[in-house]
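> Compute the structure for the input listed below.
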Amino acid sequence: MLNSLITKRPNIIEAKTTPRERLASFMRDHSVVKGENEAIVSTNGRPLTWLLDTRIALLNPEMSGVIAGLFWEYLEKVMPFQMCCLELTGIPLMMSVQGYAMRNGYSINGFIIRKERKPAGRQRQIEGVLNDYPIVFLDDILNSGDSIQRAIVALSMHKRNISLVVALVDFGTSPIGERLLQQGIHLKSLMKLEELGITKGTKPPQQSIPTQIFREIWTFNPEVEKSFDIVPKSTPVLDDERLYFGADDGRFYALNQITGEIDWTFKAGVSGKKGIRSSPIIVGDAVCFGAYDGALYALEKHTGKLRWQFAEADWIGSSPCDASAMNSLYVGLEYAFGSQRGGLVSIDLRTGDRQWECPIPSLVHSSPLYVDQISAVMIGSNDGTMYCIDALSGQIRWSFKTEGAIKSRPAYDKATGIVLAGSFDKALYAWAADTGALVWKACTEGIVYSEPLVASDKVYLCSTDKHLYVLRVTDGSEESRFYAGSKLFSSPNLIGNRLYFGSTSGVVYEFDLLVQTISGKHFFDDKITNDIICDAERNRFYVSTISGAVIACERA
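As a prediction, the model looks like this:
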């Protein structure tokens, strides 16, 4: 019965003079996908005239062997070495080369570099074992060079570097070879795009985006047990001398901005792995933040000495906001039991005493926003409700229920008088701040953790569907979207005429408002869910990763 299911392997292509010609013929017929035959789109949703799908060849049993033979013909000359690749397409490529080498009497070590560090299990970005041999990076296509740069950054954490890159097809669209040689990395491509019947005049538009736009100055790594749950954590805040932020172990740090050394630390009374998720604010000569011990702290920013403590909640993950003119500070609260699971509290800035508390039925992870124009505080809740609360009395003026949790801080646009917030129902909402009337709703394809940013007449929003959205502030209609390749939890931050935001693949993107496009990026070794902050006078950027590291950079 089993034998009846086995058929003779068809002769896919006629025998050619060389394996290279056989492969080129197959890929021209099967891997070059034309837009006239099926709908193909770019990462920004625009139609493409063609694309090269190398997986069709790599997953074909005959062509996989041909590709492995072409790679081995070159690689055999540079032994000894070990191989690595980036998921996903690189995996069948590397495995076919390993198998080919084994059949020829050679056992070649290989390892895989993940695009993102695995959040569970062994939490690794590199799968496999590195040995002491030189490292050869295998890739199917040589185009932007992003996959190579990602591998370089991941290996740098192990104090290793790539010595050689071997790619199947060279698109010939970027000066990646020169950049690699400057880093001591040699490059070999086995085929040119023209061999597949595609000429330069028929190539899709290709934008060359600068990579590694920062010069890294110092890195601070808190030596703590790290929590890798993928959420925004404590984003640092700056004054003239220091950088302040909280960590998963419940320790609050004040670092010297110039050197990255610790000036002082403060330990909150927390246990577990959440510690301090609240982003601090500076009010006068105090720095204030919440912690998962249920306390709101005010510390003297020069010494770290406790000034006052409000400790009447079970947890505080919300970040405070202040209304100094009213001598008040607002923060969201969480309670473990009862019908009131959350609340918004107003605190006296001088004493830490409660001025009023507005009970909220659901947990509150969102951070409040004080809107001076209407003397109100906006805050979301985990049951999807947006609240507008009177800043003086603590009474609810209006509320609006969405279909998903609201966990980010809202934003306010003075020009239109609207307040905006993203929801876990995959949408961005805009309400009239004074009445709560829904002005518009814009849908994305992923939950929204990010705080929207209003600049001129546009709204910029990051979504976990891996896109930066550009919307019209008046009606929420989409002007454009930009694909980042991985989930976006970070909120865009406006620095000069550029936006900066991070991704879960460890890439920080730079978006130029003047030309409305991605203008640069930089690869880091870990997920980035926090906002990118900047000291514009010093041209100093600070990037904090999900593991608690802080990297100080200069714009190159």
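> where along the stretch 151-300 of the chain do the strands fall?
162-170, 186-192, 214-220, 237-238, 242-246, 251-256, 262-267, 281-283, 286-290, 296-300 (DSSP state E, counting those that start in this stretch).
> Just put these in CSV and tack on distance to residue 384, mean pLDDT and mean neighbour count.
Heads up, the C-betas are built off the backbone N, CA and C, glycines and all. Formatted as CSV, the strands of the stretch 151-300 of the chain follow (distance: least, C-beta to C-beta, whole Å; pLDDT from 0 to 100; neighbours: other C-beta atoms under 10 Å):
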stretch, distance to residue 384, mean pLDDT, mean neighbour count
strand 162-170, 47, 94, 21
strand 186-192, 51, 91, 17
strand 214-220, 37, 95, 16
strand 237-238, 29, 96, 18
strand 242-246, 27, 97, 25
strand 251-256, 31, 96, 21
strand 262-267, 34, 97, 16
strand 281-283, 26, 96, 17
strand 286-290, 22, 97, 26
strand 296-300, 25, 97, 22
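> Switch the ones you listed over to CSV; also include distance to residue 466.
Shown next, in CSV, are the strands of the stretch 151-300 of the chain (distance: least, C-beta to C-beta, whole Å):
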stretch, distance to residue 466
strand 162-170, 25
strand 186-192, 28
strand 214-220, 22
strand 237-238, 28
strand 242-246, 26
strand 251-256, 31
strand 262-267, 36
strand 281-283, 30
strand 286-290, 30
strand 296-300, 35
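> tell me the average confidence for stretch 494-507?
The average pLDDT within stretch 494-507 is 94.
> Find the helix or strand that the residue lying closest to residue 383 once chain neighbours are set aside is a member of.
Leaving aside its sequence neighbours, residue 383 sits nearest to residue 362 (C-beta to C-beta, 6 or more residues apart in numbering; 3.6 Å). Using DSSP states H and E, residue 362 sits within no helix or strand.
> So residue 362 versus residue 293, what's the distance?
21 Å (C-beta to C-beta, to the nearest Å).
> Compare the two (neighbour count), which wins?
The neighbour comparison of residue 362 against residue 293 (other C-beta atoms under 10 Å) goes to residue 293, with 21 against 17.
> my guess is that one contacts residue 267, does it?
No. Here residue 293 does not reach residue 267: they are 10.2 Å apart, not a contact under C-beta atoms under 8 Å.
> can you list residues touching both of the two?
Overlap of the contact sets of residue 293 and residue 267 (by C-beta atoms under 8 Å, 6 or more residues apart in numbering) consists of residue 250.
> which residues touch the residue nearest to residue 383?
341-342, 381-383, 385.
> ditto for residue 440
429-430, 475-476 are the contacts of residue 440 under C-beta under 8 Å, 6+ apart.
> Pull out the buried residues from stretch 425-435.
Across stretch 425-435, burial judged by 16 or more other C-beta atoms under 10 Å covers 425-431, 433-434.
> So which of those is the closest to residue 481?
The nearest member of the buried residues of stretch 425-435 to residue 481, counting by C-beta to C-beta, is residue 428 at 12.4 Å.
> Tabulate the contacts of residue 362 (CSV), appending pLDDT, secondary structure and distance to residue 543.
Listed next are the contacts of residue 362 as CSV, based on pLDDT from 0 to 100; DSSP: H, G, I helix; E, B strand; the rest coil; distance: C-beta to C-beta, whole Å:
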residue, pLDDT, secondary structure, distance to residue 543
341, 94, coil, 34
342, 96, strand, 31
381, 97, coil, 30
382, 96, coil, 28
383, 95, coil, 33
385, 97, strand, 33
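> and of these, the nearest to residue 463?
Distance to residue 463, by C-beta to C-beta, is smallest for residue 382 among the contacts of residue 362, at 18.8 Å.
> Okay, the residue nearest to residue 383 and residue 334: tell me how far apart.
Computed as C-beta to C-beta, the residue 362 to residue 334 distance reads 9 Å.
> Then residue 267?
According to C-beta to C-beta, residue 267 stands 21 Å off from residue 334.
> What of residue 214?
Relative to residue 334, residue 214 is positioned 36 Å away (C-beta to C-beta).
> cool, and residue 326?
Where residue 334 is concerned, residue 326 sits at a distance of 24 Å (C-beta to C-beta).
> ok, these two, which is more surrounded?
Using other C-beta under 10 Å, the more surrounded residue of residue 326 and residue 334 is residue 334, with 22 against 17.
> where along the chain do the helices fall?
Counting by DSSP state H, one finds helices in the chain at the ranges 19-30, 55-58, 61-75, 90-103, 146-156, 176-182.
> lowest-confidence stretch among those helices?
Ranked by mean pLDDT, those bottom out at helix 176-182, with a mean of 81.
> ok, and for it, which residues are buried?
176-177, 179-180.
> who does the helix or strand of the chain with the lowest mean pLDDT touch, helix- and strand-wise?
Counting by mean pLDDT, DSSP states H and E, the chain has its least confident helix or strand at helix 176-182, which shows a mean of 81. Applying 3 or more C-beta pairs under 8 Å, 6 or more residues apart in numbering; DSSP states H and E, we find helix 176-182 packed against strand 186-192.
> For the stretch 251-400 of the chain, give me the ranges with low pLDDT.
271-272 (pLDDT under 70).
> repeat that with 80
270-273, 325 (pLDDT under 80).
> re earlier: list just the nearest of the contacts of residue 362 to residue 313.
Checking those against residue 313 with C-beta to C-beta, the nearest one is residue 342 at 9.0 Å.
> Can you give me the neighbour number for that closest one?
Neighbour count for residue 342, taken as other C-beta under 10 Å: 24.
> pretty sure it contacts residue 381?
Yes. At 5.9 Å, residue 342 counts as touching residue 381 under the criterion of C-beta under 8 Å.
> about what we covered before: export the helices of the chain to CSV and append columns for distance to residue 522.
Shown next, in CSV, are the helices of the chain (distance: least, C-beta to C-beta, whole Å):
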stretch, distance to residue 522
helix 19-30, 34
helix 55-58, 29
helix 61-75, 31
helix 90-103, 22
helix 146-156, 9
helix 176-182, 14
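> who wins for proximity to residue 464 among the ones you listed?
Between residue 464 and the helices of the chain, the shortest gap by C-beta to C-beta is with helix 146-156, which sits at 19.9 Å.
> by contact count, what packs against the closest one?
Right, helix 146-156 is packed against strand 82-86, strand 110-113, strand 135-142, strand 162-170, strand 517-523 by 3+ C-beta pairs under 8 Å, 6+ apart.
> buried sites along that helix?
Using 16+ other C-beta under 10 Å as the test for burial, helix 146-156 gives 146-155.
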